[in-house]
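J.: Okay, predicted coordinates and the sequence, questions at the end:
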Amino acid sequence: MVTTEINYKGKDYTCRIVESNEGERLIIGGLTLMDALMPNPITEGCSGFADKEAEKVDEEIFFYTSDADLQLSDSELTDILKESNPEWFE
C-alpha cells in the first residue's frame, strides 16, 4: 500500500497511490478531502471549489472514494476503481 499526503489549508489528507494499466501513478483521494475542496454546490455560476488552491489540489487527484475504501488492499481498491474507470485498470 503506497500513500501520499495532500496538504490543504494546513491539514494533511492521506491519499493512496495506485498504478494504471499503463504504469501511470494515480492519486486516489477520500471523500473527506473532496468535501474540504468542494464545500459549495456546483451551480451554473459556481464550480463548487472553496478557492483557487482547492482547484489546483483537485487537479492532482484522479478519483475520489470513501475514506474506508482507502484502507483496502491494493487489489480490492483497484477492483472498486475498475467499476468506474475500466479503461485505466485491467
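T.: Ah, there it is. Residues are numbered from 1 along each chain as shown.
J.: you'd agree residue 80 is up against residue 65?
T.: Yes - counting by Cβ atoms under 8 Å, residue 80 does reach residue 65; the two are 6.2 Å apart. Bear in mind the C-beta positions are built from the backbone N, C-alpha and C, glycine included.
J.: Name the spans of the chain whose pLDDT lies under the cut-off.
T.: Residue ranges of the chain with pLDDT under 70: none are present.
J.: OK, contacts around the most centrally placed residue in it?
T.: By Cα atoms, centre = their mean, the chain has its centre lying nearest to residue 29, at 2.6 Å. Listed by Cβ atoms under 8 Å, 6 or more residues apart in numbering, the contact partners of residue 29 are 6, 13, 15, 61, 63-65.
J.: what bridges to it?
T.: residue 64 (DSSP bridges).
J.: Roughly how far does it sit from residue 45?
T.: 25 Å (Cβ to Cβ, to the nearest Å).
J.: who are the neighbours of the lengthiest helix in the chain, in terms of helices and strands?
T.: Using DSSP state H, we find that the single longest helix of the chain is helix 74-84. Applying 3 or more Cβ pairs under 8 Å, 6 or more residues apart in numbering; DSSP states H and E, one finds that helix 74-84 contacts strand 11-19, strand 61-65.
J.: hey, which of those strands is tucked in deepest?
T.: Of the helices and strands packed on helix 74-84, the one with the most neighbours on average (mean count of other Cβ atoms under 10 Å) is strand 61-65, at a mean of 18.
J.: Residues in contact with that one: which ones?
T.: Contacts for strand 61-65 (Cβ under 8 Å, 6+ apart): 6, 15, 26-31, 33-34, 77, 80-81, 84-85, 88.
J.: List the residues that contact residue 82.
T.: Going by Cβ under 8 Å, 6+ apart, residue 82 touches 88-89.
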